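> Dropping a prediction and its sequence here:
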Number of protein chains: 2
Amino acid sequence: MSNIIVAQSGGPTSAINASLIGVVRAARECDSYDKIFGALHGISGVINEDFMELTDTEEELIMRTPASYLGSCRVKLPEVAPGNETFTRLFEVFKKYDIGAFFYIGGNDSMDTVDKLSKYAKLIGSDVRFAGVPKTIDNDLVNIDHTPGYGSAAKFIASTMLEIGYDTAVYEAPCVTIVEIMGRNAGWLTAAAALARNDTNPTPQLIYLPEVTHSEDEFIDDVKKVLEKTNNVVVAVSEGLKNKQGQYMTASTAREDKFGHAQLSGVGKYLETVVRDRLGIKCRSVELNILQRCAGHISSKTDLLEAEGLGWFAVEKTIEGYTGFMASIKRVDSEYSEADDNYAVSFYMVELDSIANKERCVPREWINEAGNDVTTEIVDYIMPLIQGELQPVYKDGLPLYASIPHLVPRS
Amino acid sequence: MSNIIVAQSGGPTSAINASLIGVVRAARECDSYDKIFGALHGISGVINEDFMELTDTEEELIMRTPASYLGSCRVKLPEVAPGNETFTRLFEVFKKYDIGAFFYIGGNDSMDTVDKLSKYAKLIGSDVRFAGVPKTIDNDLVNIDHTPGYGSAAKFIASTMLEIGYDTAVYEAPCVTIVEIMGRNAGWLTAAAALARNDTNPTPQLIYLPEVTHSEDEFIDDVKKVLEKTNNVVVAVSEGLKNKQGQYMTASTAREDKFGHAQLSGVGKYLETVVRDRLGIKCRSVELNILQRCAGHISSKTDLLEAEGLGWFAVEKTIEGYTGFMASIKRVDSEYSEADDNYAVSFYMVELDSIANKERCVPREWINEAGNDVTTEIVDYIMPLIQGELQPVYKDGLPLYASIPHLVPRS
């Protein structure tokens, strides 16, 4: 029997370790692979032979631990070409450790890595199999109903927006609160703010996604209209909000990371200033920041179980002989399943090159005509993804998480 | 039997509604008072006769609901003087509703209100009794071991810092993360960040409280020293950090609220810029913002039970004939109590004018000599306050909270 390598890449989520456990459990149970190597810090860990064996791990604890148990990296592989140094090195390592399959849990860029590895394998006639297990809180991958990590982030965002609604409503004086939410050019995360509304909590009254361009004047008009009905206005805005000219509403701070994605920040602070200057009322901005991707204490159970299931599915498919695919999720008709609440999913394989370097945005018809709110369709879409909670485990008053190998400080 | 009024004032906390329930339960059980009126939006609700009866409420749900069930206000009463219009009006209302006692749940400024009301009562020979029930996440009241609301905020901060430690450690590249924490001129909340450290999580490595002044140079030297050992630096800073000249490290944005407290924001962003400019490495800042005072889904059970107990205690003492006091908490020797873990408290009364307009800061000896960390004494002090969790109650994937009367939108 050959061995496997599993690694994690890209930004942290609350569900990425559930996929890791899915891979580990399937590899152990399916009895087709021998050793399970975890590569530390993504593909770099393979290059550097920085491995740990995952045969006997605290699975339940790792499952609920946020961020990346194995660490992450932001390495982009070169284009596939015969004799390329990086690929030669990687396949040397695969041979040395008798690797039968490699599983990469990550986002868009990680799927690009898996795609290149499987293409190089084909080029040199290697029989190592390659599978991608998706994750991203942004939910912006194509060819998947929703991505692992999104449901937990959406649950944190909706819960926090509900609590912010309670917090901001205590005073009678007019006040505007702007909450800036992640998601780059896709509004999926920001749309989750709509789930905070209920019979008594009307906030957020305004939701701005980056799929529609906006102007300062329209924004101020929107806020004024809400102020006619209530003194407590809460606004959810995507970090990637653009003006009518298509520029980020904080264009001055735009930078690019090494994949050419713009680094966004500051639309909340910008709109805070606009409200204060033009309406002369109290305004604060809140940036949910990295909390929305690492709040493991309020993960969605649905999200974690699906993430685990996808890891398991990827392993099964490599055993069946498949390679060069991403494990994906589709919603299926729950009439034919045992699931409650009209929600059920099944897993399937999609081609890697249909994923890489594409971005899935919120459909225009799921945003209202004025572009300042979402429709019920997207609420119905998100609702099942945030359902369920793990039984909380606390130690000394804090959530209990697994000890992370790469967190141990250098001595 | 006479009736009572209870009201809430000041900023939201996760425990202020537990004190409300304590008052309600005691007033009902003690059989000395008849009706329980909740005044909406603090003392303004009394002036405006904006009352709701609290006889039959969803107590368990209100107990766990963050922010103020009855709404809040920021009204400062005038100085006590015979015939003053505001006081005359207030005591008219007390008479009209046959009020035997008034309970005000709030912070420093609210205690000032209770103090003035009890002094005016003495002046005019009224037998209405007045009691203050403290709350503030800042933990900066004097004559109390710790304030209700602080334990829950500290639990959120420590949990979030732990999750941020996991999140920021995933990459190998050098990165500094600055986390800005509330607390005005007192470092109690920021000190709670130290509780996030454990065997594998060394972060935050640096903790700066406002009780010690700092310089940019010292800060950069501190960060450099940590970078010699690890690439992942997390820094906890108080919003009220001051430089050697005693100015807020974001002096340019300092404003004052109507009580003369400076409005602080931005030390995190400021230090982020300093790190990026002077060290040329990746740096982000995270502002925990209002989330730290309203995260009801991760409240400390110890905090909520003590908050409830203080409300109950205040009612009992007015029945015994006391007036013009604040219900306070002291730690007692647990050898003589049934409590575990060497932690036990008892309640007692303190004079209101010993509280108002005073600020309790972290003792210098609980901060290390270099002023960039806290000592174990403060960790031991905070630890019992964050212990215990309520059994979580979720509905449709979100924490279930009580419907708030003042949250219902105007039609």
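Perfect, thanks for sending it.
> By neighbour count, which bits of stretch A:48-56 are buried? Give me those.
By neighbour count, with 16 or more other C-beta atoms under 10 Å in any protein chain shown as the criterion, the buried positions of stretch A:48-56 are A:50-52, A:54. Glycine gets a C-beta too; all of them are placed from N, C-alpha and C.
> Am I right that A:Thr160 sits in a strand?
No: using DSSP: H, G, I helix; E, B strand; the rest coil, the assignment for A:Thr160 is helix, not a strand.
> Could you report the separation of it from B:Leu291?
A:Thr160 is 6 Å from B:Leu291, where distance means C-beta to C-beta, to the nearest Å.
> I figured A:Asp138 hits A:Tyr150, correct?
Yes: in this structure A:Asp138 lies within contact range of A:Tyr150 using C-beta atoms under 8 Å: 7.3 Å.
> So for these two, which sits in the more crowded spot?
Neighbours per residue, other C-beta atoms under 10 Å in any protein chain shown: of A:Asp138 and A:Tyr150, the larger number sits with A:Tyr150, 31 against 26.
> Pull the contacting residues for that one.
The contact partners of A:Tyr150, taken as C-beta atoms under 8 Å, 6 or more residues apart in numbering or on different chains, are A:136-139, A:188-189, A:303, A:385.
> Now, those that are in helices?
Secondary structure defined by DSSP state H assigns A:188-189, A:303 of these to helices.
> When A:Thr160 and B:Leu291 are compared, which one has more neighbours?
When neighbours are counted by other C-beta under 10 Å, A:Thr160 and B:Leu291 differ, and A:Thr160 comes out ahead with 29 against 21.
> Next, please give the residue ranges for the strands of the stretch 101-250 of chain A.
In chain order, the stretch 101-250 of chain A shows strands spanning A:129-134, A:175-181, A:206-208, A:232-238, with DSSP state E, counting those that start in this stretch as the criterion.
> Adding distance to chain B, mean neighbour count and mean pLDDT, write those out as TSV.
As requested, the strands of the stretch 101-250 of chain A are arranged in TSV below (distance: least, C-beta to the nearest C-beta, whole Å; neighbours: other C-beta atoms under 10 Å in any protein chain shown; pLDDT from 0 to 100):
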stretch	distance to chain B	mean neighbour count	mean pLDDT
strand A:129-134	16	30	98
strand A:175-181	8	26	97
strand A:206-208	14	25	98
strand A:232-238	8	28	97
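> B:Thr250 is nearest to which of those?
strand A:175-181 (19.1 Å; C-beta to C-beta).
> Point out the other helices and strands that the closest one packs with.
Other helices and strands packing on strand A:175-181, by 3 or more C-beta pairs under 8 Å, 6 or more residues apart in numbering or on different chains; DSSP states H and E, are helix A:150-168, strand A:232-238, helix A:267-279, strand A:282-287.
> which residues sit in contact with A:Cys283?
When the contact criterion is C-beta under 8 Å, 6+ apart, the partners of A:Cys283 are A:175-178, A:272, A:275-276.
> From A:Ile157, how far off is it?
In this structure, A:Cys283 lies at 20 Å from A:Ile157, with C-beta to C-beta as the measure.
> Please apply the same query to A:Gly11.
In this structure, A:Gly11 and A:Ile157 are separated by 16 Å, where distance is defined by C-beta to C-beta.
> between the two, which one's more packed in?
More neighbours surround A:Ile157 than the other of A:Gly11 and A:Ile157, with 30 against 23 (other C-beta under 10 Å).
> And the pLDDT at that one?
pLDDT for A:Ile157: 98.
> which one of the contacts of A:Cys283 sits closest to B:Glu29?
Using C-beta to C-beta, A:Cys175 is the member of the contacts of A:Cys283 that sits closest to B:Glu29, with 37.4 Å.
> Now do the closest residue to the closest one other than its chain neighbours against B:Tyr248, distance only.
The spatially closest residue to A:Cys175, leaving aside those adjacent along the chain, is A:Lys282, at 4.6 Å (C-beta to C-beta, 6 or more residues apart in numbering or on different chains). Distance, A:Lys282 to B:Tyr248, by C-beta to C-beta: 20 Å.
> what about these two, which has more around it?
Each of A:Lys282 and B:Tyr248 had its neighbours counted (other C-beta under 10 Å), and the higher figure belongs to B:Tyr248 (21 against 14).
> What residues does the stretch 201-350 of chain A have near chain B?
Within the stretch 201-350 of chain A, the positions near chain B by C-beta under 8 Å from any C-beta of the partner chain are A:201-202, A:229-230, A:284, A:286-287, A:289-291, A:293-298, A:300.
> coming back round to it: now list whatever residues contact both of A:Thr160 and B:Leu291.
Common contact partners of A:Thr160 and B:Leu291 (C-beta under 8 Å, 6+ apart): A:Leu291.
> Please confirm that A:Arg89 is located within a strand.
No: assessed by three-state DSSP, A:Arg89 does not belong to a strand; its assignment is helix.
> For it, give me its contacts.
Counting by C-beta under 8 Å, 6+ apart, A:Arg89 makes contact with A:Ile47.
> and what of A:Lys317?
Taking C-beta under 8 Å, 6+ apart as the contact definition, A:Lys317 lies against A:131, A:325, A:327, A:349.
> just A:Asn3 next, same as before
Contact analysis of A:Asn3 by C-beta under 8 Å, 6+ apart lists A:33-37, A:97-100.
> I'd like to know which of the residues you listed are buried.
Buried among the contacts of A:Asn3 (16+ other C-beta under 10 Å): A:33, A:35-37, A:97, A:99-100.
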